[in-house]
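Student: Attaching a predicted model along with its sequence, questions to come.
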Amino acid sequence: MGTGTETREEIIMMRQIAALVAMGIGAFVATTVPSAAETTLLFNVFTPPSSEISRDIIMPWLKDIERVTEGRVKIKVPPQSLAPPPEQMNMVKTGVADGAFMFNAFLQKSHPLLQIGFLPGTMHTGQADGVAYWRTYEKFFAPKHPVNEVKLLGFFANPPGHLYNMQKKPIQSLADLKGKKSWSLPGLTARAIGATGASVVPGPAVRMYEIISKGVVDTFCCIDYGDMEAYKVLQYVGAVTEVDGGVFSPKFSVFINDVKWNSISAKDQAAIMKISGEALARRGAATDAHNEQVQKDYLAHGGIIVKATPDFNAALKQVWQPLYDEWIAQANKEGIDGRAALDYYLSEANKVAGGQ
C-alpha cells in the first residue's frame, strides 16, 4: 500500500505495475488450470454403422454423453476399428483408444462368471437380459470379482436367436438335429448345439453368409431376426423353431480407460453414469423392436415360425443341464453362490420382460 505521500507519477507507475502483475497471474492460471470443458474420448466402434448395435445403442448413447455433460466431454469415433473384436479391452487398457465395447464371450478365461448370459434357454429380450445381467453383476460379481483395469460403464444385449432349418420343416426333436450339420457361433453356444447331437460347424458371424449360402450346413442357430437380415442369411431360412429361453443372445461390456475416466470431473462422471449401467442396458429395447419388425416381414413373405413342443423343450433342458451345472460350479469356486446368482438372474430377467 502507498504511504499517502506519493507523487502523481509514482501513483501512475504503481497502477501500471499492478495491472501487469494481474495480467501475468491471469495468463498463468489460464495455462495451468484445465478448462472445465474439454475432455475428448476416443471411443472405438467395431460394428458397422448400419448394425443394430451401432445405430440403436452405441451411437445414441455417445451423443447423450456429450449432451448430459453439456459438451465438456466430447466423443471422437475412429473411421475404422483400431483393433479386432477380441482385442477391444486390451486396446483400451493400453490407451490405444479411451473407450470401447466388447463381446463378452471373448472374456471367457478372464471373466468366466460373465458367461452366465450365454447359457442356452435363459434368454428373454435384449432389454430384459441386459438389465438382469447388470443387476446380477452388481449384486453377486462386482463385490468379489469385478471387471478391473478399466472403468466398466455397463452391459447391453440383443434379442435371443433360435433354431433355423434350411428346409421348410420345423425342427421339433433331438432326432431332427442328430447328425445334421449345423452352423453355430463358437464357445458355449457351439457346445449347446453339439449337446443336441448335431454336427457343429462353428465360426464367427462374419462367415455365416459364406457357409450358409453355399449349403455347407443343414441347419443353423443363434442370432436374432435382425442380425439374420443384416448378415443376409434370412433368405435361406426355411422354418424357425422358437425354443423356450432361446439358444443364444449376445452380451457386451462397455468400458473406459481408468486414467481417462479419472481425468473427467466428478460432476460429469455422475452425469455419464446416470445414462449408463441399467439405463444403458435398457437401450436394448430398440433392438427388440427392430427384431420384431423383421420377424413380421419374414412371416409376411411366407416364412414359417413355430414354438418348440413341450417335449422338445424338456429334452433340450436335459441335454443343456451340464452347462448350467458347470457354470454354477465355477461360480462356487469363485466364492459366489452360483445357484442363487443364476436364480436371481432368471428372476430379474422375468421381471423386466414382464414390464418391471
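Tutor: Ah, there it is. Numbers count the residues shown, from 1 in each chain.
Student: Grab the nearest non-local neighbour of the most centrally placed residue in the chain.
Tutor: Nearest residue to the geometric centre of the chain (Cα atoms, centre = their mean): Phe252, 2.3 Å. Sequence neighbours aside, Phe101 is the residue nearest to Phe252 in space, at 4.9 Å (criterion: Cβ to Cβ, 6 or more residues apart in numbering). C-beta: built from backbone N, CA, C; applies to glycine.
Student: got it, and Pro146?
Tutor: Leu152 (7.3 Å).
Student: Report pLDDT for that neighbour.
Tutor: In the predicted model, Leu152 carries a pLDDT score of 98.
Student: My reading is that it is in a strand; is that accurate?
Tutor: Yes - under DSSP: H, G, I helix; E, B strand; the rest coil, Leu152 sits within a strand.
Student: right, and it touches Ser253 too?
Tutor: Yes - the pair Leu152 / Ser253 is scored as a contact, 6.3 Å apart, by Cβ atoms under 8 Å.
Student: Thr39 versus Gly284, what's the distance?
Tutor: Distance of Gly284 to Thr39, computed by Cβ to Cβ, to the nearest Å: 27 Å.
Student: Between these two, tell me which one has more neighbours.
Tutor: Applying other Cβ atoms under 10 Å to Gly284 and Thr39 shows that Gly284 carries more neighbours, namely 30 against 19.
Student: Does the more buried one touch Ala132 like I think?
Tutor: No - look at Gly284 against Ala132 with Cβ under 8 Å: they stay out of range, at 10.8 Å.
Student: Not counting its own residues, what contacts the helix or strand that contains Gln127?
Tutor: Taking DSSP states H and E as the criterion, the element that holds Gln127 is helix 126-136. With contacts defined as Cβ atoms under 8 Å, 6 or more residues apart in numbering, helix 126-136 is touched by 116-117, 123, 154-160, 249, 251, 277-278, 280-285, 287-288, 291, 341, 344-346, 348-350, 352-353.
Student: now the helices for the stretch 1-150 of the chain?
Tutor: With DSSP state H, counting those that start in this stretch, the ranges of helices along the stretch 1-150 of the chain come out as 8-32, 52, 59-68, 88-93, 126-136.
Student: Out of these, name the one with the poorest average pLDDT.
Tutor: Among those, helix 8-32 scores lowest, at a mean of 39.
Student: okay, Leu152 and Ser253: which has more neighbours?
Tutor: Remark: of Leu152 and Ser253, Ser253 carries more neighbours, 24 against 18, as counted by other Cβ under 10 Å.
Student: looking at this, that one is in a helix?
Tutor: No - under three-state DSSP, Ser253 sits outside any helix and is assigned strand.
Student: contacting residues around it?
Tutor: Met89, Phe101, Met102, Asn104, Leu107, Leu114, Val147, Leu152, Gly154, Phe155.
Student: Kindly recompute the last result at 10 Å.
Tutor: 88-89, 100-104, 106-107, 111, 114, 133, 137, 147, 150, 152-156 (Cβ atoms under 10 Å, 6 or more residues apart in numbering).
Student: Ser173 too?
Tutor: Per Cβ under 10 Å, 6+ apart, neighbours of Ser173: Thr196, Thr241, Ala308, Thr309, Asp311, Phe312, Ala315, Leu316.
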